[in-house]
Structures are given as structure tokens and as C-alpha cells.
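J.: build me a model:
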Amino acid sequence: MALRARDMVYLPAGRFTMGSDRHYAEEVPSREVSVDALWIDRYQVTNRQFAEFVASTGHLTAAERPADPALYPGADPAMLAPASVVFRSPARRVNLNDHLQWWSYLPGAT
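T.: Prediction:
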């Protein structure tokens, strides 16, 4: 899978505020972080292309790696296990202001 520069866009380095002091324990503390410059695909990547990339590099997604406890002080250790948020279609009408009615945190899901 060869990448060509014209298929990618360069994003310069920058800073932003990550986390929140007003929401969930795992988001504390709010802090300024730096992001290195990077190249990103201009176009979507297919599942097949991503599978080829994983097979050739051994890449693990964030959902396949445990979270670093140092980045989430005070978080429940069970919430740091490899996991992902999964959509589950509700069996009945639900309050649309509560996303937990249809999204679930599922350890082991990738």
C-alpha cells in the first residue's frame, strides 16, 4: 500500500486544551498539550486498506491498548482496560438527552 504525498495533507504542530475539570474524573485535569505536526490522508481509508496497514505494521488501535493511568488520575482502573464505546440500539423510545441510553463502554471491544 504505497502512499503518495498528493494524497495527504500536512497539519502543522499546535497546542490545545485537553480534558475537563467540570465533567468526568477520567478527564481531569484540564491541561494545555502540544501536538506534533503530522500528515493525514486526504481521503477515507477502507477497511481493507486499514487491515493491510495493521498486518504490515502490527499497529494496535487505542481501543486495543490499556490507557495510561498517569493521563487519567483518579480514574477507576477498570475504565483503563482496552475498550471501546459501542452503539446498542434501544428496544424502546429513550431520552435523547442521555447518550448512555444507546452507547455503552465495553471492555475488549475494538
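J.: can you show me the strands along the protein?
T.: Secondary structure of the chain (DSSP state E): strands at 8-11, 14-18, 31-35, 38-41, 83-87, 103-107.
J.: right, and the ones you listed - which one's nearest A67?
T.: Within the strands of the chain, the stretch nearest A67 is strand 83-87; the backing value is 8.7 Å (Cβ to Cβ). For every residue, glycine as well, the C-beta is placed using N, CA and C.
J.: quickly run through the sheet partners of the closest one, with directions.
T.: The strands beside strand 83-87 in its sheet (DSSP bridges) come out as strand 103-107 (antiparallel).
J.: residue contacts, P90?
T.: Shown in contact with P90 (Cβ atoms under 8 Å, 6 or more residues apart in numbering): 101-102.
J.: give me the pLDDT value at it.
T.: For P90, the model assigns a pLDDT of 89.
J.: re the thing from before, in JSON lines, list the strands of the chain along with mean pLDDT.
T.: Shown next, in JSON lines, are those (pLDDT from 0 to 100):
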{"stretch": "strand 8-11", "mean pLDDT": "93"}
{"stretch": "strand 14-18", "mean pLDDT": "96"}
{"stretch": "strand 31-35", "mean pLDDT": "96"}
{"stretch": "strand 38-41", "mean pLDDT": "92"}
{"stretch": "strand 83-87", "mean pLDDT": "92"}
{"stretch": "strand 103-107", "mean pLDDT": "89"}
